[in-house]
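>>> show me the folded form of this:
(chains A and B)
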Amino acid sequence: MRCIRTCLCAGVVVVLAAGNSAIAQTSANPDISVIPRFLIESNDGEKLAEGKRELSQPDFMFEELEVALSAYLNPYARADVVLTLPGPDVEVGKLGLEEVYATILRGLPLDLNLRFGKYRVEFGKINMTHPHAWSFVTQPLSQERFLGEEGLNDLGVSVSTLLPTGDIYTKLTVDLLRGGSIGKATGISDTSGAKPTYATSGRLSSFFSLSDASDLEVGLSGYTGIHDPYTRDRFWYANLDVKYKYRPSTYTSLVVQGEYLHNTRTAIQDRNFNPFLNSEGLPESRSLSTAGMYVYADYQFLKIFSIGARYDWSQSPYSSDDVARAFAVFFGYYPVEETLGLRLQYQNTRTEQPGGGQSVNLIALQALFSLGPHKAHPF
Amino acid sequence: MKRLACLCLLLLISVVASDAAVRVVTSLPDLGDLARRIGGDRVTVDNIVRGDQNPHFVEVKPSYMMKLKNADLFLIIGMDLEMWGPQLVDGSRNAGLTVVDLSQGIRKLEVPARVDASQGDVHRFGNPHYWLDPRNVRLMMEEIVTALARVAPSDEPYFRSNAEAYLKILDAKITEWETEMIPFRGSKIVTFHKSWTYFAEWLGLVVADQVEPKPGIVPSPSHTADLITLVRQGKIKAIIVEPFYDASAPEQIARTTGARVLRLATSVGGVDQATDYISLMDYNIRTLISALR
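Down below sits the predicted model:
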């Protein structure tokens, strides 16, 4: 408690110091980057209900536009803003705030970093990576089912520290969140005007340099909150992430990355809001335990090409009988530099539910470019 | 008992002494070599980039942040060579770290009038490969001595005398290298990247063109074809390629024209023979002479 109080006081001191020096603000602009993604997609799942399997007419789609602004606020802190214009209709989409946060980078005791605002939470590995930096086109199923299309992105405060583990980089991050993000995954949003539900997340990660050319990162994350604001039912996620990268030269690299997410929750209804019933047909609250995972490998060669494959397996947050599996192969071409990219992906997704299942094939070609000095994503 | 006390005292002194050493991290191993020459046993030195790595593209790894976490000084080439540097410094969480840009006093070449991506990966403050002109080492060492002395003021005379002793040796080597290269003044060379601008200016060499059509852009077939004509017509004997670049385009030019592809190192450790700054320059100049002769 004393430690928390000390940290908060130090944070306030730094913020006040920043406030005092605001009089002498620099006239330099922040770094501004614009990254749009476009998609041509076709799948054979649209007429399955009519008993027909045929590829839909390929459609040109606007996937998303990301505008990133970042700059130092003062010698101790920086700020990042990511605005997004979602697709598919470029004409009617509204520019929204995907992230807006300030990070106090140095000057706090115990090597603490403090972040506040709205941001992609450090839960697992891929959740922190913006879609334009993925090697593939589609979001892994486990991420989509358990965290929602936007991932775990919430208002909150994050504190992280480096643990004293010698030369090994070990980071502990703890977040206190408003709890609004999970509603996007469950489909239950709180319209009652009740108090925020709050959520807590944390990640412990270690980075191992195996050789000059190969590195390994292992992370363990947890996330808990209230997934149903009306019943106050709680969920607990535990997530293990592993990333291995082998880069023998500037032109060649191999990335193998995977995550396993375990979900435990109590609920009174399934994903489609059908109430759980006991043997007598009466509503009951159930304790559920389900999971999801993905693993992919991506091989970059000749600097401008990459090829890879991904396997997804995921149960539903509300049912172990609702299972989705996907296998995807993808190819990337970055002519000249990574400022311009084309990604081609084939994916087969199979879903199995008590009432039956289906298999859908998808072919997608994504084009994107990066205008401006968007900084490299860390390992 | 006395012996044990003496042993403990010695141990304590050695611990204090090792703690008192200035902790230096450098971006390039060349700067590490210079820092070691100046700091001797009163500094500990580590570097981020290996000599056989492209210093323009360095992955932001947490292990590099750990190197900076306990450092006093981070010596960099500057001029935006280390675009990855600020992320490492931020990630290190080291409020006491001083970043020392060694380009302060350097006469900068190829400073662009206009910077945009149509020019390729152009550095807005000019070409940053100034350390390959050994005459610039004096200025770099002065900056390093000043930075070290700020951390350990009582050791300043020691740092200065080490720097002077090293510069005396380097000055003699510069004279030797310049003498060896006199017969080749005005010789044309082709380089893969614009890494050799300062080196060529120092030795009076003429860089006819680069294998990269623009800085940082991979060779294109049409530009390679143009280079074949240029190398043939200009009777160019040497195509210089850094150890980390793909030599297939230069080798194609060499096969057609009879020029030689030379793997010259831009940094210490880039080739086995380049164990320190002087042996790096020794290796580069001897290899170049063997091709230009």
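>>> contacts, neighbours, all on C-alpha from now
Noted.
>>> name the helices or strands packed onto the helix or strand hosting A:Asp215?
Per DSSP states H and E, A:Asp215 falls inside strand A:214-228. In terms of contacts (3 or more CA pairs under 8 Å, 6 or more residues apart in numbering or on different chains; DSSP states H and E), strand A:214-228 is packed against helix A:182-186, strand A:199-209, strand A:233-249.
>>> just checking: what are the partner strands of that strand?
Partner strands and pairing direction for strand A:214-228 (DSSP bridges) are strand A:199-209 (antiparallel), strand A:233-249 (antiparallel).
>>> what ranges do the helices span in the stretch 1-150 of chain B?
Secondary structure of the stretch 1-150 of chain B (DSSP state H, counting those that start in this stretch): helices at B:2-20, B:29-39, B:62-69, B:85-92, B:137-151.
>>> do you know which of these lies nearest A:Lys52?
helix B:62-69 (51.4 Å; CA to CA).
>>> what angle sits between the closest one and strand A:214-228?
In terms of direction (axes from the mean of the first three to the mean of the last three CA atoms, to 10 degrees), helix B:62-69 departs from strand A:214-228 by 100 degrees.
>>> restrict helix B:62-69 to CA atoms and write it as CSV.
Extracted C-alpha coordinates of helix B:62-69, given in CSV (Å, rounded to 0.1, in the frame of the first residue of the first chain):
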residue,chain,number,x,y,z
PRO,B,62,14.4,-6.0,-24.9
SER,B,63,17.9,-7.5,-24.5
TYR,B,64,19.4,-4.2,-25.9
MET,B,65,17.3,-2.3,-23.5
MET,B,66,18.9,-4.3,-20.7
LYS,B,67,22.3,-3.3,-21.9
LEU,B,68,21.3,0.4,-21.5
LYS,B,69,19.5,-0.1,-18.3
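>>> that helix - contacts with which helices or strands?
Counting by 3+ CA pairs under 8 Å, 6+ apart, helix B:62-69 packs on strand A:169-177, strand A:199-209, helix B:85-92.
>>> what's around residue 227, how many residues?
Because you didn't say which chain, this covers chain A. 29 (other CA atoms under 10 Å in any protein chain shown).
>>> could you do chain B instead?
With other CA under 10 Å as criterion, B:Leu227 counts 21.
>>> confirm it sits in a helix?
Yes. Inclusion of B:Leu227 in a helix is indicated when DSSP: H, G, I helix; E, B strand; the rest coil is applied.
>>> pretty sure it contacts B:Ile253?
Yes. At 7.2 Å, B:Leu227 counts as touching B:Ile253 under the criterion of CA atoms under 8 Å.
>>> quick revisit: and the helices of the stretch 1-150 of chain B as CSV, adding mean pLDDT?
Output for the helices of the stretch 1-150 of chain B, formatted as CSV (pLDDT from 0 to 100):
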stretch, mean pLDDT
helix B:2-20, 51
helix B:29-39, 98
helix B:62-69, 96
helix B:85-92, 95
helix B:137-151, 98
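>>> in the stretch 101-250 of chain A, where is pLDDT below threshold?
A:192-194 (pLDDT under 70).
>>> how close does the closest residue to B:Pro62 other than its chain neighbours get to B:Val25?
In space, and not counting its chain neighbours, B:Pro62 is closest to A:Tyr169: 6.1 Å by CA to CA, 6 or more residues apart in numbering or on different chains. According to CA to CA, to the nearest Å, A:Tyr169 stands 17 Å off from B:Val25.
>>> perfect, I'm done here.
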